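Enquirer: Give me a 3D structure for the following:
(4 chains)
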There are 2 protein chains.
Amino acid sequence: MGFSPSDLKRLDSIVKTRRRVKQGEQLFSDSDPFTSLYAIRTGFFKTSITADDGREQVIGFQMAGEIVGLDGIMNDAHTCNAVALEDADVCVMPFSNVEELSREFPVLQRHVHKIMSREIVRENEVMMLLGNMRAEERLAAFLLNLFQRLHARGFSQSEVVLRMTREEIGSYLGMKLETVSRTFSKFSDEGIIEVKQRYVHILNPDALKKIFNPRTCT
Amino acid sequence: MGFSPSDLKRLDSIVKTRRRVKQGEQLFSDSDPFTSLYAIRTGFFKTSITADDGREQVIGFQMAGEIVGLDGIMNDAHTCNAVALEDADVCVMPFSNVEELSREFPVLQRHVHKIMSREIVRENEVMMLLGNMRAEERLAAFLLNLFQRLHARGFSQSEVVLRMTREEIGSYLGMKLETVSRTFSKFSDEGIIEVKQRYVHILNPDALKKIFNPRTCT
DNA sequence: CGAGTTCTTGACAGTGATCAAGCGACGTGG
DNA sequence: CCACGTCGCTTGATCACTGTCAAGAACTCG
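Expert: You can find the predicted model right below:
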């Protein structure tokens, strides 16, 4: 990409610190001081915020290649929690280094901006889900998105063992765990998927797409 | 702030282009090429996305001092629409200039990052609203947020003439316009607010806070 | 002043929440 | 290796909140 060896060495310094996070452990939590962004190398995370009265809202599920911690930049303190849903390995990227190198390498600068913009656009889409869609549409969208991301990482596009509970899916999608369970069962009865606890097998992806977006997928 | 006159001149160049947007007109729309961020000088905007089947989701309402267009960075194309809800005046900030000057002035760079992070955090909060809250809580949160922002800009903290319709409020909050109207009426019956069409007068802000967050405001 | 838009309100219906019970899977320790 | 306890999942019955449909009132703007 046109970098000199010394450039590459400096760029590499950003990702040299690693941190392991065991399943169930927090990578960071609400009100922790913000120092770094984290690039997920392996593993699976959920991020969530907690209201004063204790209600939890899952903000997203993150997997290898994705970045967490962007929420902390604003106030130099994190505003959400990141918990590993399976043993994970992350690159710790001190944000001051990221900023320093961004000033030097426009390609990196652009990349950082795109990552933040992508997160904004992703959340816009979630708002559409939560504001306009019904339970079946939400779960269909969730499954399609999850499988698409897994497939991009070389996993099967039709089978998965979920890392999150029904309750966590429900929190993300703005519905109760019972409704998640019932909707899974409904899809199963209709032959669209096969479900057994955490195991999910997509039998008819087109049917899911049709549920997600009735108009365009006729 | 320690800038030389020539620095200031260059920084100023970022905000020299102005654009007027009349009520009802679009500042940009979905799939427009992305070139610039826009800083609102005066006026009031809504941003929204439209699903393939036509359903609209209002993403946010923006007022003086706020930045719109961040969604476009990701793909060099906008992914939402920005419509003026009252005559507006914006600074057009070509994003390539913003990036160039960010490389030169760390203070500006940090500022840009914070703006993007703030937008991410704001959307996290909206997800909490949409995923966990009931109609009354959503509307209370909406009013408190709106008045807080207006007050920070020197407007009354108790009276406002809304710029948006019931339908737009409903879209933002994930509820139907009738529910918005009924909830306004309910607050009015309870003596918490006075409403007449677009005019809203907060009589009892503490009651609103209690509705928004029952636990902490007892 | 009149047409069209926006808002309010009522009656009713439906989706999803709540409450409750039982089942299944998994892990730990005897 | 099996028994048991815990946690997560499924399913049923009922209920409440909000959506839908409808009509009329209030307001806005040409």
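
Enquirer: Strands of chain A, residue ranges please.
Expert: Listed in chain order, the strands of chain A (DSSP state E) span A:17-21, A:26-28, A:36-50, A:56-63, A:67-68, A:81-94, A:159-161, A:193-196, A:199-202.

Enquirer: A:V15 - how many residues pack around it?
Expert: 14 (other Cβ atoms under 10 Å in any protein chain shown). All C-beta atoms are positioned from the backbone trio N, CA, C, and that covers glycine.

Enquirer: got it, and A:R166?
Expert: Other residues close to A:R166 by other Cβ under 10 Å number 19.

Enquirer: Also A:S96?
Expert: Residues contacting A:S96 under the criterion other Cβ under 10 Å number 12.

Enquirer: I'd like to know how far it sits from B:V195.
Expert: A:S96 is 49 Å from B:V195, where distance means Cβ to Cβ, to the nearest Å.

Enquirer: what does A:F44 give?
Expert: Noted for A:F44: a distance of 47 Å to B:V195, by Cβ to Cβ.

Enquirer: out of those two, which sits in the busier spot?
Expert: A:F44 (20 against 15).

Enquirer: need the contact list for the more buried one.
Expert: Contact partners of A:F44, counting by Cβ atoms under 8 Å, 6 or more residues apart in numbering or on different chains, are A:61-63, A:84-86, A:88, A:163.

Enquirer: Tell me the one among the residues you listed nearest to DNA strand D.
Expert: Nearest to DNA strand D among these: A:R163, at 9.7 Å, using Cβ to the nearest atom of the strand.

Enquirer: Just the pLDDT at the closest one, thanks.
Expert: Predicted confidence (pLDDT) for A:R163: 96.

Enquirer: Help me confirm that it comes into contact with A:A84.
Expert: No: using Cβ atoms under 8 Å, A:R163 is not in contact with A:A84, being 9.3 Å away.

Enquirer: is it true that A:G170 touches A:R182?
Expert: No: contact criterion Cβ under 8 Å: A:G170 and A:R182 do not qualify, at 10.8 Å.

Enquirer: what about those two, which has more around it?
Expert: A:G170 (23 against 15).

Enquirer: Select, out of the strands of chain A, the one closest to DNA strand D.
Expert: Closest among these, using Cβ to the nearest atom of the strand: strand A:193-196, at 5.1 Å.

Enquirer: So stretch A:22-40, near chain B or not?
Expert: No: applying Cβ under 8 Å from any Cβ of the partner chain, one finds stretch A:22-40 separated from chain B by no less than 9.1 Å.

Enquirer: Give the buried residues for that stretch.
Expert: Within stretch A:22-40, the residues that count as buried by 16 or more other Cβ atoms under 10 Å in any protein chain shown are A:27-28, A:30, A:32, A:34, A:36-40.

Enquirer: Grab the two from those residues that are most spread out in space.
Expert: A:D30 and A:A39 (20.9 Å; Cβ to Cβ).

Enquirer: Chain A against DNA strand C: which residues are in contact?
Expert: Applying Cβ under 7 Å from any atom of the strand, we find that chain A lies next to DNA strand C at A:134-136, A:174-176, A:178-179, A:196-197.

Enquirer: Out of the residues you listed, flag the one nearest to chain B.
Expert: Nearest to chain B among these: A:G174, at 3.6 Å, using Cβ to the nearest Cβ.

Enquirer: so what's the residue lying closest to that closest one once chain neighbours are set aside up against?
Expert: Distances taken as Cβ to Cβ, 6 or more residues apart in numbering or on different chains put B:G131 closest to A:G174, at 3.6 Å, once the chain neighbours are dropped. With contact set as Cβ under 8 Å, 6+ apart, B:G131 has these partners: A:57, A:130, A:171-174.

Enquirer: a markdown table for those, including neighbour count, distance to B:L203 and pLDDT?
Expert: As requested, these are exported to a markdown table (neighbours: other Cβ atoms under 10 Å in any protein chain shown; distance: Cβ to Cβ, whole Å; pLDDT from 0 to 100):
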| residue | neighbour count | distance to B:L203 | pLDDT |
| --- | --- | --- | --- |
| A:Q57 | 24 | 30 | 97 |
| A:L130 | 23 | 31 | 97 |
| A:S171 | 25 | 35 | 97 |
| A:Y172 | 25 | 37 | 98 |
| A:L173 | 23 | 36 | 98 |
| A:G174 | 24 | 31 | 97 |
